[in-house]
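Trainee: Here is my input, please return the structure:
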Amino acid sequence: MNYWLIKSEPFKYSWDQFVKDGETFWDGVRNYAARNNLRDMKKGDKAFFYHSNEGLEIVGIAKVSKEAYQDPSTEDTNWVAVNFQPVKALKNSVTLAEMKQTPGLENMDLIRLGRLSVGKVTEAEYKLIMKMAGEKA
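Mentor: As a prediction, the model looks like this:
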């Protein structure tokens, strides 16, 4: 299994809305590195759901429910979308500030590549963030 982080601005699409919807597609990604990450996702992979711009925190865990397919928001075949389902809200959200101060997370895509909307998370990073959130990995 692989681990990821997907970002959403809560005023556009929040964790609460995601849970209410039960499933959503991640489209509109127009960054090649983020697109490549979407292409690499496999059904069942887990992803942290991160509130960007306001909140700046990981608030939940999602899972890939459908692997990469043509992004419906464009006819350009270079771009893909992926479907996600919510797994659970974290007991305690984990803020960007906390992550930046935590040894072992300094190489995380979220820290190094702050503008990347879809990032990789290593298994060690995933376990550490789950511990910070008061969760079992």
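Trainee: burial count for A137?
Mentor: Other residues near A137 number 13, with proximity taken as other Cβ atoms under 10 Å. In short, each C-beta sits where N, CA and C put it, glycine included.
Trainee: Give me the pLDDT value at it.
Mentor: On the pLDDT scale, A137 is placed at 81.
Trainee: F25: what's it in contact with?
Mentor: Neighbouring residues of F25 by Cβ atoms under 8 Å, 6 or more residues apart in numbering: 66, 72, 81-84.
Trainee: One more: F84?
Mentor: By Cβ under 8 Å, 6+ apart, the neighbours of F84 are 6, 18, 23-26, 47, 62-65.
Trainee: Would you agree it falls within a strand?
Mentor: Yes - counting by DSSP: H, G, I helix; E, B strand; the rest coil, F84 is part of a strand.
Trainee: what's across from it in the sheet?
Mentor: T24, V64 (DSSP bridges).
Trainee: can you check the one 5 residues further on too?
Mentor: Here A89 sits in beta bridges with G60, as judged by DSSP bridges.
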